[in-house]
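J.: return a 3D structure for these sequence lines:
(2 chains)
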Amino acid sequence: MARDEQFRREAEPLTPAVFHILLALADGEKHGYAIMREIAERTDGAMRMGPGTLYGSIQRMLKDGLIVETQPRARGETGELSEERRRYYRLTDHGRLVMQAEARRLEQLVRLAQSKQVIPGFNTFGGA
Amino acid sequence: MANQFYTRSVSASERLYRLLLLLYPRAFREEYAAEMLYAFRDAYDEASQQEGMLGMLRLWRDFTYDLIKTACLLHVRSWAQPDALRFAFAIESAYRTDIGRTRMTNQDNLFVCAPDDKHLLQEMGALFIVTDGMGDSQIGSIASDLATQRISEAYYRSHTDDPLASLREAFREANAAIQQMGSTHDTLTNISYPPGTTCAAAVLRDQTLYVANVGDSRAYVLHDGQLRQITRDHSLTVQLVERGEITPAQARTHAQRHLIYRALGMSDVEVDCFREAVQTGDTLLLCTDGLSNQLEDQEMRAILEHYDPEESVQRLIACANERGGPDNITAVVVRVVAG
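T.: Residues are numbered from 1 along each chain as shown, chains lettered A, B, ... in the order given. Predicted coordinates:
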């Protein structure tokens, strides 16, 4: 039952926030702000993720095993900023597979849009 | 001057954002507030350096929207999956009741329940009870058994969000049941003493300990190497100690040390209630007087501090028995550990 539930959830499209976080971690571990920054840069500022969306998604992704924290952290007081205790995250193998599956799903959608000539593609030729 | 303004503005903005983080569910806040503040500070630095005042305003607009949207979402998620977000600690417990070395029957009883259902555990908490029955023959053990049964049933049946109110109501139900049992037995067996029982009950929920007590069974909390008695005995000897007529050491061997003036089974019983914040690493001890009359607080502290709950229970009871085991002995030891 739990396994079925897991498959069902994995088959569902990822939220844009989760997919962007996975992509940001595709080339190595990062801490929260570095993830936010990469997403903003790669989308030319179109996707600016706030800390709430970022850590709400991270909490979910940790639970689903898509990412892990890379090193054990010392737990500070809530809101403590005096010491550098940032947490770094990296993709798990499972997270990478889920990211690839989502990319393929989106690729198929793009091909569908191309075949319907919604957007230009390799098999459409404009002009005479 | 501009620099000074910038520093003041960063610090005021951080304080405001830190305050706004209170909108998030507590468990989420405890886990991520520090990280979110790092992210806020970096983003604020960058926005103000690259775009000045306009950047700061844009950042506040985006982050405020993000904060309100995700705080609402996370609250809904925490209601839908309370165990995943809110049950941030776990417990290890051990318990045992022992007849001692001189009594013919064991009139003590105990009840321990950490529900398997995590939603129930989150909503109602884990419940621990020790009771020490009084009365002729087997009637004391029936009373103490009845108390644990009725209190646990009534507690988990109750629908209030206030564990102390639920415990108080559960004690009231148990009291009525024991009185009812006493009147039935009175006519059947012509007993000379009405049945009664002490009762110390504790609920551990969401890092708060709720304790209800009647009689001279006790609840202690070990925190940071200090063992503190939470309950106050309703006994003659405690009154004598408080009036300065005898010392605590004399109270342990006083001829009337078993005399209590409050018990379940009495016509109108008042229940003492206590509320304590607990942290990871804290240990709760519930015990009957068969233990607390034989061991000094410092001896119990040393055992609880050095051993896990299972080993602690074994050693506490063995120690009371080595000193003669003049009464039934019951101990419940619960340690709060990281979830």
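J.: alpha carbons only for contacts and neighbour counts from here, please
T.: Noted.
J.: tell me where the chain has strands.
T.: All of this refers to chain A. Counting by DSSP state E, chain A has strands at residues A:30-31, A:67-69, A:88-91.
J.: wrong chain, I was asking about chain B
T.: B:89-98, B:108-113, B:126-134, B:196-205, B:208-214, B:218-223, B:226-229, B:272-277, B:283-287, B:329-338.
J.: among those strands, which is nearest chain A?
T.: The minimum distance between chain A and these falls on strand B:329-338, with 12.2 Å, by C-alpha to the nearest C-alpha.
J.: and residue B:29, how far is that from chain A?
T.: Distance, residue B:29 to chain A, by C-alpha to the nearest C-alpha, to the nearest Å: 8 Å.
J.: touching, that residue and residue B:22? I think so.
T.: Yes - using C-alpha atoms under 8 Å, residue B:29 makes contact with residue B:22 at a distance of 7.3 Å.
J.: which one's more surrounded, the two?
T.: residue B:29 (17 against 12; other C-alpha atoms under 10 Å in any protein chain shown).
J.: if I look at that one, how far off is residue A:68?
T.: 19 Å (C-alpha to C-alpha, to the nearest Å).
J.: over to residue A:16?
T.: 19 Å.
J.: and the two? Which one has more around it.
T.: Per other C-alpha under 10 Å, whichever of residue A:16 and residue A:68 has more neighbours is residue A:68, with 18 against 10.
J.: what's that one in contact with, if anything?
T.: By C-alpha atoms under 8 Å, 6 or more residues apart in numbering or on different chains, the contact list for residue A:68 reads A:62, A:89-92.
J.: shaky segments in chain A?
T.: A:1-12, A:71-85, A:122-128 (pLDDT under 70).
J.: what's the single longest helix in it?
T.: helix A:93-115 (DSSP state H).
J.: pull out the buried positions in that one.
T.: For helix A:93-115, a neighbour-count test (16 or more other C-alpha atoms under 10 Å in any protein chain shown) marks A:95-96, A:98-99, A:101-103, A:110-111, A:114 as buried.
J.: buried ones in stretch B:268-277?
T.: In stretch B:268-277, counting by 16+ other C-alpha under 10 Å, buried: B:269, B:271-273, B:275.
J.: right, and residue B:90 touches residue B:281 too?
T.: No - Residue B:90 sits out of contact with residue B:281 when judged by C-alpha under 8 Å, with a separation of 10.4 Å.
J.: what residues are shared contacts of the two?
T.: With C-alpha under 8 Å, 6+ apart as the test, residue B:90 and residue B:281 both reach B:336-337.
J.: can you pick the most crowded of the contacts of residue A:68?
T.: residue A:91 (27 neighbours).
J.: check contacts around that residue.
T.: So residue A:91 contacts A:22, A:25-26, A:28-29, A:66-68 (C-alpha under 8 Å, 6+ apart).
J.: now residue A:22: closest residue in space, sequence neighbours ignored.
T.: residue A:99 (6.4 Å; C-alpha to C-alpha, 6 or more residues apart in numbering or on different chains).
J.: what's the answer for residue B:163, then?
T.: residue B:210 (6.7 Å).
J.: ok, of the strands of chain B, where does mean pLDDT dip lowest?
T.: When the strands of chain B are compared by mean pLDDT, strand B:89-98 comes last with a mean of 88.
J.: that one vs strand B:329-338, what angle?
T.: On the basis of axes from the mean of the first three to the mean of the last three C-alpha atoms, to 10 degrees, strand B:89-98 is oriented at 170 degrees to strand B:329-338.
J.: for burial, what's the neighbour tally of residue B:172?
T.: Residues near residue B:172, counting by other C-alpha under 10 Å: 20.
J.: quick one: the residue in the stretch 1-150 of chain B positioned nearest to chain A and residue B:127, what's the gap?
T.: Using C-alpha to the nearest C-alpha, residue B:34 is the residue of the stretch 1-150 of chain B that sits closest to chain A, at 4.0 Å. Distance of residue B:34 to residue B:127, computed by C-alpha to C-alpha: 33 Å.
J.: ok, back up a step: tabulate the strands of chain B (a markdown table), appending distance to residue B:248.
T.: As requested, these are exported to a markdown table (distance: least, C-alpha to C-alpha, whole Å):
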| stretch | distance to residue B:248 |
| --- | --- |
| strand B:89-98 | 25 |
| strand B:108-113 | 24 |
| strand B:126-134 | 21 |
| strand B:196-205 | 20 |
| strand B:208-214 | 20 |
| strand B:218-223 | 15 |
| strand B:226-229 | 13 |
| strand B:272-277 | 21 |
| strand B:283-287 | 18 |
| strand B:329-338 | 20 |
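J.: can you pull the pLDDT of the residue of the stretch 1-150 of chain B closest to chain A?
T.: 90.
J.: one more: residue B:280?
T.: 85.
J.: any idea how many residues pack against it?
T.: 16.
J.: now it: how far from residue B:208?
T.: In terms of C-alpha to C-alpha, residue B:280 sits 11 Å off from residue B:208.
J.: in the stretch 151-300 of chain B, what residue is nearest chain A?
T.: Taking C-alpha to the nearest C-alpha, the stretch 151-300 of chain B has residue B:280 as its residue nearest chain A, at 12.9 Å.
J.: break chain B into its domains for me.
T.: B:2-80, B:90-338 (automatic domain parsing).
J.: how about the helices of chain B, start to end?
T.: Going by DSSP H, chain B shows helices at B:2-20, B:26-80, B:82-86, B:118-124, B:139-157, B:163-189, B:236-242, B:248-253, B:289-292, B:297-306, B:309-322.
J.: what comes into contact with the last one?
T.: Surrounding helix B:309-322, the residues in contact under the criterion C-alpha under 8 Å, 6+ apart are B:92-96, B:98, B:100-101, B:290-291, B:294-295, B:300, B:303-304, B:329-335.
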